[in-house]
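>>> Structure of the sequence below:
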Amino acid sequence: MPVIKSVRGNHPQIPEDCFVAENATIVGEVSMGKQCSVWFNAVIRGDVHFIKMGNKVNIQDGAVIHATYQKSPTTIGNNVSIGHNALVHGCTIKDNVLVGMGSIIMDDCVIESNSIIAAGAVVTKNTIVESGSIYAGVPAKKVKDISKELISGEIDRIANNYVKYSSWFKE
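Sure thing, here's the model as predicted:
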């Protein structure tokens, strides 16, 4: 069974159509939209501030979602994929975003819609990622604009695939 735990009177809100892996941890003030999935060894800690996720968000294996006490909540929009072992901390991620494997997004960043954070990128505190762009590197910088093919071929494809994958575990 996953660890789903109340903290200071705040209990995670997880719709019935979401998938949460057996060894995932979700604690505190966490609200998830429809068709979300939280994969193996992922941790979502809403103990120090709220974490709000839209619809069709997937938090892949080993990812950590957290916030900063009394300062920076984490808000994740719709149709967002958070890659394996990524760290998302006290920031805002808007709709239709792909956060690559092993990347880090720090406090008070805003990742605008239709963007990709490349695998291994480190998005430093207060960075604003432009809509329709790809950021990569350490520290992350804009490397190019996103094509419509990347939006449908990567961002939408991955989010839709994770809805499909999660259905396999509900059979």
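>>> residues in contact with the most centrally placed residue in the chain?
The centroid of the chain falls nearest to I82 when counting by C-alpha atoms, centre = their mean (4.1 Å). Residues in contact with I82, defined by C-beta atoms under 8 Å, 6 or more residues apart in numbering, are V57, N58, I59, Q60, A63, I65, I76, V88, V99. Backbone N, C-alpha and C define where each C-beta goes, glycine included.
>>> Identify the residues contacting the closest residue in space to M1 that isn't next to it in sequence.
Nearest residue to M1, sequence neighbours excluded (C-beta to C-beta, 6 or more residues apart in numbering): E22, at 6.3 Å. Contacts for E22 (C-beta under 8 Å, 6+ apart) come out as M1, P2, F40.
>>> still on that earlier bit, where's the residue nearest to the centre of the chain relative to V97, distance?
Going from I82 to V97 by C-beta to C-beta, to the nearest Å gives 9 Å.
>>> do V30 as well
From V30 over to V97 the distance is 19 Å, taken as C-beta to C-beta.
>>> before we move on, which element is Y165 in?
helix 157-168 (DSSP states H and E).
>>> so what secondary structure elements neighbour that helix?
Applying 3 or more C-beta pairs under 8 Å, 6 or more residues apart in numbering; DSSP states H and E, one finds that helix 157-168 contacts strand 37-38, strand 58-59, strand 80-82.
>>> Including distance to F169 and mean pLDDT, could those go into CSV?
Shown next, in CSV, are these (distance: least, C-beta to C-beta, whole Å; pLDDT from 0 to 100):
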stretch, distance to F169, mean pLDDT
strand 37-38, 9, 98
strand 58-59, 13, 98
strand 80-82, 17, 98
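>>> closest one to T124 among those?
strand 80-82 (18.0 Å; C-beta to C-beta).
>>> Sheet-wise, list the partners of that closest one with their directions.
Strand pairing for strand 80-82, determined by DSSP bridges: strand 58-59 (parallel), strand 97-99 (parallel).
>>> Can I get the ones you listed in TSV including mean neighbour count?
Formatted as TSV, the strands paired with strand 80-82 follow (neighbours: other C-beta atoms under 10 Å):
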stretch	mean neighbour count
strand 58-59	28
strand 97-99	27
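>>> Right, I'll leave it there.
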